[in-house]
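Chemist: Sequence and predicted structure below; questions after.
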Amino acid sequence: MGNLADIDENDLDLTTLMTLGPMAPVSNPHRIYSALRNDNPVSETTDTTSLAPGDGVRSFILTRYEDVRMVLRDNKRFSSDIVQRTIGIVMGPTVVGMDGQEHLKHRTLITPSMTPRVLKGDAFQDVVRQTADDAIDKFISEGHADLHHDFCFQFPLAVFVSLLGLSADHLDQVHRWVMDLCLVAHDPEKGLIASEKLLEYLTPIVQDKRENPGADMISTLVTSDIDGEQLTDFEVVSFLRLLVLAGAETTNHLLGTACYVMLDDSKLMARVRTDRSLVPALIHECMRWESPISTVVREAAVDTEIGGVQIPKGSSVLCHIGAANRDERQFKDPDRFDIDREDNEHVSFGYGPHYCAGSHLAKLEAEVALNALLDRLFNLKPDPDKPYRMIGFSFRGPDCLPVTFDPA
């Protein structure tokens, strides 16, 4: 593949990797994950980020598929509350940091806004396609572009702005705040400022939607109720911060990876271009091959053990999705990208009670976007003079995709 490493990856180990930022210029961490799966699948590590739970708290990283899936489905032994005490400092109270009945209640309240029935409607799909076409219109006459910057990075947040009923005039500013939220573990001050700015921006919009609801997602969120109980304004804003960050970042990296694998394999691109029924399978394998979000954290609620390793109560447990999705025990020839793969029950959208509520939205966006690119960009190839690469640890995807095509 067209990788370009910015650091000497031969010197990388798990401890070093954990200190790097979410989009660190690491082109291939899978060597480390493979070694861990085989030799130390439940590995005690040092959480060196500024969002670590606290002094004396032990941290373990899991890299095998069955261990990761077991933890994600067992919310009694492994609590999500740690999410609220870490990334929750910038998100506020969200469904991903809740357990039990509280989690069920909030998930039930937010789910109506993202059901397949709503998302598969012609009106919504037309909005997503128009958003993709608008992005392509800006560069299609040039005959060249950086698909990461000009499309994959811009398109998902533009969809959310439309979906949420926000003004497109504020897209660039919202995007900057969202990117700053991503940095909270390595630059807490910047993350907290961005969180506050989003609160200030979104609160009056939420209040207005409550008074004057429309057909957008915010209106659905503020009018949904269970037994007469609704989300508060702050809870809605908290969910919106999470939705925009997780949704935009996931779709960005997913789209980038899909473009990356097709650019790297012209036969694959020709096959998908000819047979669009393969687009969902392409997306599904991309999610396994390079999970857009690589780590999910839980906290041991009781003294327990995983794979014969004792895990004390209060320990943080890092489920490494990216490593689990390439576990040789679960997937045949896991490092190979195979659009025809049958053994593909990946865990990129999570597993169990916290399975991603936005998974349908992410897949739909990616399908519409990839079809738009294939419909409109002919003779699409990598730019021979500019390298492209896959990078990242916590977030994984290309950070540049320079291409050429026939100008329209």
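Modeler: Thanks, I have it. These figures come from a predicted structure and were not determined experimentally. Residues are numbered from 1 along each chain as shown.

Chemist: which residue ranges form the strands in the stretch 301-408 of the chain?
Modeler: 304-306, 309-311, 316-320, 381-382, 389-391, 397-400, 402-404 (DSSP state E, counting those that start in this stretch).

Chemist: Could you tell me the average pLDDT over the last one, please?
Modeler: This points to strand 402-404. Averaged across strand 402-404, the pLDDT comes to 97.

Chemist: I'd like the distance from it to the chain centre, please.
Modeler: Centroid displacement of strand 402-404 relative to its chain, using Cα atoms, centre = their mean, to the nearest Å, is 24 Å.

Chemist: picking up where we left off before, tell me which of the strands of the stretch 301-408 of the chain approaches A281 most closely.
Modeler: Across the strands of the stretch 301-408 of the chain, A281 has its closest neighbour in strand 397-400 (18.9 Å, Cβ to Cβ). Quick note: C-beta positions are derived from backbone N, CA and C, even for glycine.

Chemist: Which residues does that closest one contact?
Modeler: By Cβ atoms under 8 Å, 6 or more residues apart in numbering, the residues outside strand 397-400 that reach it are 23, 25, 146, 148-149, 152, 252-254, 256-257, 259-260, 290, 292, 386-392.

Chemist: Which members of those occur in helices, if any?
Modeler: Among the contacts of strand 397-400, DSSP state H puts 252-254, 256-257, 259-260 in helices.

Chemist: pLDDT of the helix or strand where M70 lies, averaged?
Modeler: Here M70 sits within helix 65-73, counting by DSSP states H and E. Helix 65-73 shows a mean pLDDT of 96.

Chemist: hmm, who's touching it?
Modeler: 41-42, 62, 77-78, 296, 298, 306-307, 317, 319-321, 323-325, 327, 329-331, 347, 350-354.

Chemist: run the last query once more with 6 Å
Modeler: 62, 78, 298, 306-307, 317, 319, 324, 327, 330, 347, 350-352 (Cβ atoms under 6 Å, 6 or more residues apart in numbering).

Chemist: what comes up buried for it?
Modeler: 65, 67-72 (16 or more other Cβ atoms under 10 Å).

Chemist: what angle separates it from strand 316-320?
Modeler: 120 degrees (axes from the mean of the first three to the mean of the last three Cα atoms, to 10 degrees).

Chemist: and the helix or strand just after helix 65-73, which strands flank it?
Modeler: Under the assignment DSSP H and E, the closest C-terminal helix or strand after helix 65-73 is strand 78-79. Sheet pairing for strand 78-79, assigned by DSSP bridges, gives strand 295-300 (antiparallel).

Chemist: Quick one: mean pLDDT over the strand it pairs with.
Modeler: Rounded mean pLDDT across strand 295-300 is 90.

Chemist: For that strand, C-alpha coordinates in PDB please.
Modeler: Output of strand 295-300 as PDB, limited to C-alpha atoms (Å, rounded to 0.1, in the frame of the first residue of the first chain):
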ATOM      1  CA  THR A 295      -9.900   2.000  21.100                       C
ATOM      2  CA  VAL A 296     -12.900   1.800  23.500                       C
ATOM      3  CA  VAL A 297     -12.400   2.100  27.300                       C
ATOM      4  CA  ARG A 298     -14.200   0.300  30.100                       C
ATOM      5  CA  GLU A 299     -13.600   0.100  33.900                       C
ATOM      6  CA  ALA A 300     -13.500  -3.100  35.900                       C
END
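
Chemist: Now do it: distance to the chain's middle.
Modeler: For strand 295-300, the distance to the chain centre is 16 Å (Cα atoms, centre = their mean).
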